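Q: here's a sequence, model it:
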Amino acid sequence: MAWWDSAYKIINMGDVFYTPGRGMDGGNKKKPFSIISKEISKIIIRSGNSKVPLVKECFDVIEEALTNKKILWLRVASAHGSEAFENSADKLIRQATKSSLARGNYVCALLEHCGLVKYSMMVNKKVIALP
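A: Modelled structure (predicted):
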């Protein structure tokens, strides 16, 4: 089953999740976000005062990178308002969606919650990898 389909079935409106934060435990950098809408090709979250669309392509590009192309890991951190970090989920999402909106943290948190990826540390960087 495609990762989008799995996440769409598991995640419900009103659910609250947390961005990954720093280090394995997330430290004090974890931020809450909630699911406010589910549509056939996107999940809309509320993060602070912002509504952020997580479109199907966000999930598809991460699935393809980790399963089909055999990339072993992707950096979790997102850079707001600038270039995405190299080797990051956020960079792949920006390229796939043609948008500079930073969404990697949210997508990684949802994929991890669904058991599709796991968090690991690569030196001092939090990454996602296949379980």
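Q: please make it C-alpha for all contacts and neighbour counts, starting now.
A: Noted.
Q: what segments of the protein are helices?
A: 3-10, 56-63, 89-97, 104-113 (DSSP state H).
Q: those strands in the protein, which residues are they?
A: Under the criterion DSSP state E, strands of the chain are mapped to 16-18, 32-39, 42-47, 50-55, 74-75, 118-122, 125-129.
Q: out of those strands, which one sits most buried?
A: strand 74-75 (a mean of 25; mean count of other C-alpha atoms under 10 Å).
Q: so which of the strands of the chain is nearest Leu92?
A: Smallest distance to Leu92 across the strands of the chain (C-alpha to C-alpha): 9.3 Å, for strand 74-75.
Q: can you give me how far that closest one is from the chain middle?
A: Centroid separation for strand 74-75 versus its chain: 10 Å, with C-alpha atoms, centre = their mean, to the nearest Å.
Q: export stretch 52-62 to CSV, keeping only CA atoms.
A: Only the C-alpha atoms of stretch 52-62 are listed here, as CSV (Å, rounded to 0.1, in the frame of the first residue of the first chain):
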residue,chain,number,x,y,z
VAL,A,52,-0.2,24.2,5.8
PRO,A,53,-1.3,21.8,3.0
LEU,A,54,0.5,18.5,2.9
VAL,A,55,-0.3,17.3,-0.6
LYS,A,56,0.0,13.7,-1.7
GLU,A,57,3.2,14.5,-3.6
CYS,A,58,5.0,15.3,-0.3
PHE,A,59,4.5,11.7,0.8
ASP,A,60,5.1,10.1,-2.6
VAL,A,61,8.5,11.7,-3.1
ILE,A,62,9.7,10.5,0.3
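Q: could you dump the helices of the chain to JSON lines with mean pLDDT?
A: Below are the helices of the chain laid out as JSON lines (pLDDT from 0 to 100):
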{"stretch": "helix 3-10", "mean pLDDT": "97"}
{"stretch": "helix 56-63", "mean pLDDT": "97"}
{"stretch": "helix 89-97", "mean pLDDT": "96"}
{"stretch": "helix 104-113", "mean pLDDT": "97"}
